[in-house]
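Visitor: generate a structure from the sequence data that follows.
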Amino acid sequence: MTTSSASAPANATVLVFLDPAFEDGRVADSSKPQLMATDQGATRGDGIFESLLAVGGQPRKLPRHLARLAGSARTLELDIPAEDAWRKAIGTALREFRAGAPEDGDDEVVVKLIATRGVEGSALPTCWVQASTPPAAGREQRESGIDVILLDRGYDSEVGERAPWLLLGAKTLSYAVNMAALRYAHHQGADDVIFTSSDGRVLEGPTSTVLLAHLETADDGDGGTRTVRRLITPQLDSGILPGTSQGALFAAAKAAGWELGYGPLVPEDLYDADAVWLISSIRLLAPVNHIDGKEIGTADVRRQLTAELNELFATVQ
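Guide: You can find the predicted model right below:
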C-alpha cells in the first residue's frame, strides 16, 4: 500500500506518520492537529528524535542518524519501527515537500524523525517524519560566526556513567533546559552556549557538538617545517550526545591528514585554540568568534580553517 494523497503547498511543513497500513508512510495535514493530547511525548517529553539536513532530495548522514535513533530508543527501552520503515517515510516526506516547493527555492530541507512512547496505556509508539524549510539564522551563523557564553550544566563530568537514568547520551524530546539556556544566552547578547560540567570540563552546546583546532609547527624531516592541524572534541564519556556531524567530519579530516583528539577539555583549551566551532546537522559548521567576550584566534585563521573543514564536510554523505 502506498501513501495517502495530500501534497503540501509551497513552504508548508510535511508530516508523514509511520503507519503499518501505509507501506511508505501516511501523509497527514500539517495544518490540522495530529497528536493525541494524551500522547506521552506531549505530556511527559517521553520520546526521542533526530534532525538531519537533506540537500537535493538526499538526506545527509542518514545511516549515522538512524543508528543514533536506534541507540536512543534502546536507552529509553522504546520499541520503534525498523530502519526500512523510517527510510520509506523519509523518502515520502521529501517527495511531498519538494513537489510543493518553488522551483527557485532553497534546496535544503530539514528532516526530523520523531518517536514518542505513544498514548498513555496503548503500549504503541507514535512515530513520524517531518520535513520543513531550514531556519534562516542557521545559514547566517555558519557564514558570519557566532558569539558564545559558557554555562554550568549543573552535573559533573562522570554523572553519565554514574546515573544512566539521566539519559545524557540519548537524544530525547526533553529539551526544555536546552532551550532555556539558549534564551538566557540571547538575553546576554550571545548567540549560543557551550555547557561546562560542575567539575570544570567542556561538554557540548544545547543543540551542537564542540570542536576546536590547533595549528602547530613541526619538523618535516628534511630540514624544513610543516603545519600540523589537530582537531579536538570533548570526550563522550563526559555525558554528552555523540555528534553525527562531528563523527563524519572527523572521518573526513583524518583522511585529509588532520590529527584527531578527544578531550578532556577545560575552558582554557577553548580560549587557547586557533579556532572553535559548534557543529550540528542543520546549522552545520558555525565558527565561534567570541567566548564570554574573548576573541578566539584571529578572524583570518578562523575563516581559513572553516573553509578547509567546510570543503571536507561537503564530501560527507
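Visitor: how about the strands in the stretch 1-150 of the chain?
Guide: Assigned by DSSP state E, counting those that start in this stretch, the stretch 1-150 of the chain shows strands spanning 14-17, 26-28, 47-55, 58-59, 108-116, 126-132, 146-152.
Visitor: so the residue lying closest to Leu278 once chain neighbours are set aside bridges to which residues?
Guide: Nearest non-adjacent residue to Leu278, counting by CB to CB, 6 or more residues apart in numbering: Ser208, 3.9 Å away. Every C-beta, even on glycine, is put in place using the N, C-alpha and C of the backbone. The bridge-partner assignment for Ser208, based on DSSP bridges, gives Gly205.
Visitor: equivalent analysis for Gly261, please.
Guide: Judged by DSSP bridges, the bridge partners of Gly261 are Ile232.
Visitor: how near is it to Gly160?
Guide: The gap separating Gly261 from Gly160 is 20 Å, by CB to CB, to the nearest Å.
Visitor: how about His65?
Guide: Separation of His65 from Gly160 (CB to CB) stands at 21 Å.
Visitor: circling back: can you lay out the strands of the stretch 1-150 of the chain as JSON lines showing mean pLDDT?
Guide: Shown next, in JSON lines, are the strands of the stretch 1-150 of the chain (pLDDT from 0 to 100):
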{"stretch": "strand 14-17", "mean pLDDT": "97"}
{"stretch": "strand 26-28", "mean pLDDT": "97"}
{"stretch": "strand 47-55", "mean pLDDT": "96"}
{"stretch": "strand 58-59", "mean pLDDT": "94"}
{"stretch": "strand 108-116", "mean pLDDT": "96"}
{"stretch": "strand 126-132", "mean pLDDT": "97"}
{"stretch": "strand 146-152", "mean pLDDT": "98"}
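Visitor: could you say which one of those comes nearest to Ala307?
Guide: strand 146-152 (16.7 Å; CB to CB).
Visitor: circling back: pull the number of nearby residues for the residue nearest to Leu278.
Guide: Counted with other CB atoms under 10 Å, the neighbours of Ser208 add up to 26.
Visitor: next one, pLDDT for it please.
Guide: pLDDT recorded at Ser208 is 96.
Visitor: ditto for Ser7
Guide: In this model, Ser7 is scored at 45, pLDDT.
Visitor: same question, Asp106
Guide: At Asp106, the predicted lDDT confidence score is 63.
Visitor: ok, back up a step: quick one, which of Gly261 and Gly160 is more surrounded?
Guide: Gly160 (20 against 14).
Visitor: how near is that one to Asp292?
Guide: 25 Å.
Visitor: if we can go back for a sec, so for Val316, which of the strands of the stretch 1-150 of the chain sits nearest?
Guide: strand 47-55 (10.8 Å).
Visitor: quick one: contacts of the closest one?
Guide: Outside of strand 47-55, the residues within contact range by CB atoms under 8 Å, 6 or more residues apart in numbering are 40-41, 59-62, 65-66, 68-69, 72-73, 76, 78, 80, 94, 107-117, 125-126, 131, 134, 170-173, 244, 280-282, 284.
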